[in-house]
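Asker: here is a sequence together with a model predicted from it:
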Amino acid sequence: MVRLHGRAIYRGRARGLALVSPVAIGFLGGVDPETGVVIERGHPLYEQCIAGRVLVFPMGKGSTVGSYTLYRLSRRGLAPAAIINARSEAIVAVGAIMAAIPMVDLVDITQIATGDVVEVDGEDVIIG
Amino acid sequence: MLTCAKGLAVQRAMQMVVALAEIYEAEGLVPVASAQIAGVSYKNLGDAGLQFLEEWAAQGARVRVPAFMNPAGMDLERWREMGISPQFARQQERVVEALASMGVALTCTCTPYLVGYAPQVGEHLAWSESSAVSFANSVLAARSNREGGPSALAAAITGRTAAYGLHLLENRVATHVVEVHCRVRSEADYGALGYLVGLQVGDGVPYFRLQRQDGLEGPSQEALMALGAAMAASGAVGLYHIEGVTPEAQQGVASGTKLPTIAISDLAEGYAALNSPLDGIDFVSLGCPHSTLADIERIAALLNGKRVRATLWITTSRQVRLLAQRRGLVARIEAAGGKVFADTCLVVAPVKEMGFKAMATNSAKAAFYSPTHSGLQRRFGAMEQCIEAALTGHWPGSAHSPAR
């Protein structure tokens, strides 16, 4: 079991299977708000569903309207269980707060692999 | 405030402001004098945004400082004449109602500084429309970052924003010097200039040295609006200085530091990038940023009893439209077949669904966004060229050279 200590952007507790992207995610136009599936062509997570996963990626990118996509996913029950970023920026942070998705940043995301069981608790990330 | 029981929305708003302060390593929070809320158009918000705003409104969130809306996706009174569907109109009305119930004024303009919401020098603001942020910082010497729609609303509800970026004096000094060696005259010229500079400076702070132009006055208010709007579209510029023109220009260049210099000797590249090779024009859009009264006077004079062939929209604020109406300008423009719409603009209205093929505009910002936001190819040039295109249905002369 590995315990990482980060910074809580939206404090909460959640557990799930990790889905790791080595590159940034843009939510507006990048994730289908009706299904939770990544639709950006060429993205490493293309055609994967983010619903209920602990979504791990370096940072957000793209339009600021992406915050609303996270909110919309959560209203449909398709939001990630938690979000872990290397370094947060405004789009994902605002979206996580709007949607009440537990979110932590400033952790070494290279320690997490897709499929790991990961728990987010406040500013802590527990792997395994 | 984080823990007091003021309601979930207020708590979320404060969490948002605090999280942004942490992310940007702000020096704490500052009280804001006003907030300008973008993300009003249903076209951009969609059902998710509408749902979010209605949820906060239902939780009893209310703004604590003067707050006002960016343009909506339609003229709130004459939307049928714009070709807006009743379904869109109903959803748009719900967005406006949700914001209004939180206490946000129905200005529906990107030029709040023209209609009673001009900030004072040095005031901290949470504004989110990028061209308004630029004007407030650069021309009016107030201080605002380029807020997102939700974060501006959060600032309005909490009365605070994170003290980083352009709120801090040390970030208001120039990062680039722009030496302009050519003539810059029309608002389109200023837009082309802004487009070119925005591409190069990103989120920097450009300091302009304009060529002395014999017999010409300095940039008009409309020119400053066009310059800022263009740089905020092609780049992420929230503040610029013009030597001898803008109020913070003198402090804008820190002494002794050598800044990267950008030399602009001709605007042709800017015009070329913003022009599609079109001849026929079926749609002419003026008023991005929203037209001033002086703009509308010029348009009425140029139309001068003639009749347009293309659809002509002039978009402005409700207040400026009323002033124009009282002067008889709206009647003159509409007698020529043009439409003066309030509350909305080309960039946020659902024009993709309206079947236009080729647009003409005098706005570099509108020309920059229209291919992606509106699915429109476009011609970009001075107001006189745009009116001629409206009258003839064809783009006049050579667009690839600045107006002479």
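Answerer: Arrived safely. Numbers count the residues shown, from 1 in each chain, chains lettered A, B, ... in the order given.
Asker: pLDDT-wise, which helix or strand of the chain ranks last?
Answerer: All of this is about chain A. Of all helical and strand segments in chain A, the minimum by mean pLDDT, DSSP states H and E falls on strand A:60-61, at a mean of 89.
Asker: chain B, not that one
Answerer: Using mean pLDDT, DSSP H and E, helix B:249-252 stands out as the lowest-scoring helix or strand of chain B, at a mean of 85.
Asker: next one: that helix to chain centre, how far?
Answerer: 24 Å (C-alpha atoms, centre = their mean, to the nearest Å).
Asker: which strands or helices does that helix pack on?
Answerer: When contacts are defined as 3 or more C-beta pairs under 8 Å, 6 or more residues apart in numbering or on different chains; DSSP states H and E, helix B:249-252 sits against strand B:241-242. The way it works is simple: take the backbone N, C-alpha and C, and place the C-beta from them, glycine included.
Asker: tell me which residues are up against the strand it packs on.
Answerer: B:138, B:174, B:205-208, B:210, B:218-219, B:224, B:248-249, B:252-253 (C-beta atoms under 8 Å, 6 or more residues apart in numbering or on different chains).
Asker: just the pLDDT at the closest residue to A:Ile25 other than its chain neighbours, thanks.
Answerer: Closest residue in space to A:Ile25, ignoring its immediate chain neighbours: A:Phe57 at 4.9 Å, by C-beta to C-beta, 6 or more residues apart in numbering or on different chains. In the prediction, the pLDDT value recorded for A:Phe57 is 97.
Asker: test my guess that A:Phe57 contacts A:Ser21.
Answerer: Yes - counting by C-beta atoms under 8 Å, A:Phe57 touches A:Ser21, with 4.1 Å between them.
Asker: which of these two has more neighbours?
Answerer: A:Phe57 (23 against 18; other C-beta atoms under 10 Å in any protein chain shown).
Asker: measure that one to A:Val23 for me?
Answerer: In this structure, A:Phe57 and A:Val23 are 7 Å apart, going by C-beta to C-beta, to the nearest Å.
Asker: cool, B:Met225 as well?
Answerer: Counting by C-beta to C-beta, the gap from B:Met225 to A:Val23 is 37 Å.
Asker: again with B:Met383
Answerer: 44 Å.
Asker: who has more neighbours out of these two?
Answerer: Using other C-beta under 10 Å as the criterion, B:Met383 and A:Val23 rank with B:Met383 on top: 22 against 13.
Asker: what's the closest non-adjacent residue to that one?
Answerer: B:Asn362 (4.6 Å).
Asker: isn't that neighbour right up against B:Cys386?
Answerer: Yes - with contact defined as C-beta under 8 Å, B:Asn362 counts as touching B:Cys386 (5.1 Å).
Asker: now do the shared contacts for the two.
Answerer: Counting by C-beta under 8 Å, 6+ apart, the contacts common to B:Asn362 and B:Cys386 are B:Leu286.
Asker: can you count the residues close to B:Ala229?
Answerer: 31.
Asker: show me the contacts for the nearest residue to it once chain neighbours are set aside.
Answerer: Leaving aside its chain neighbours, B:Ala229 sits nearest to B:Ser131 (3.6 Å; criterion: C-beta to C-beta, 6+ apart). Contact analysis of B:Ser131 by C-beta under 8 Å, 6+ apart lists B:Cys110, B:Met225, B:Gly228, B:Ala229, B:Ala232, B:Pro289, B:Lys365.
Asker: let me know the closest of those to chain A.
Answerer: Chain A lies nearest to B:Ala232 out of these, by C-beta to the nearest C-beta, at 13.2 Å.
Asker: which stretches in the stretch 301-404 of chain B count as helices?
Answerer: In the stretch 301-404 of chain B, helices defined by DSSP state H, counting those that start in this stretch lie at B:318-326, B:329-335, B:364-369, B:383-392, listed in chain order.
Asker: next, format the ones you listed as CSV and append distance to B:Gln11 and mean pLDDT.
Answerer: What follows is the helices of the stretch 301-404 of chain B, written out as CSV (distance: least, C-beta to C-beta, whole Å; pLDDT from 0 to 100):
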stretch, distance to B:Gln11, mean pLDDT
helix B:318-326, 34, 98
helix B:329-335, 46, 98
helix B:364-369, 35, 94
helix B:383-392, 48, 98
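Asker: what's the closest of the ones you listed to B:Ser151?
Answerer: helix B:364-369 (21.5 Å; C-beta to C-beta).
Asker: contacts (any at all) between chain B and the longest strand along chain A?
Answerer: Secondary structure of chain A per DSSP state E: the longest strand is strand A:13-20. No - using C-beta under 8 Å from any C-beta of the partner chain, we find that strand A:13-20 stays clear of chain B, coming within 16.0 Å at best.
Asker: which other residues reach that strand?
Answerer: Residues contacting strand A:13-20 (C-beta under 8 Å, 6+ apart): A:45, A:48, A:50, A:52-57, A:80-82, A:101-102, A:109, A:112-122, A:127.
Asker: could you do stretch B:320-328 as well?
Answerer: The contact list for stretch B:320-328, computed with C-beta under 8 Å, 6+ apart, reads B:111, B:114-115, B:290-293, B:296-297, B:316, B:330-331, B:340, B:342.
Asker: and those, which two are the farthest apart?
Answerer: Maximum pairwise distance among these (C-beta to C-beta): 22.7 Å, between B:Thr111 and B:Ala331.
Asker: neighbour count: these two, which is higher?
Answerer: Neighbours of B:Thr111 and B:Ala331, each counted by other C-beta under 10 Å, are more numerous for B:Thr111; the result is 24 against 13.
Asker: from B:Ala335, how far off is the closest residue to the more buried one other than its chain neighbours?
Answerer: Counting by C-beta to C-beta, 6+ apart, the nearest residue to B:Thr111 once its immediate chain neighbours are dropped is B:His290, at 4.5 Å. B:His290 sits 22 Å away from B:Ala335, going by C-beta to C-beta.
Asker: quick one: which of these two has more around it?
Answerer: B:His290 (29 against 14).
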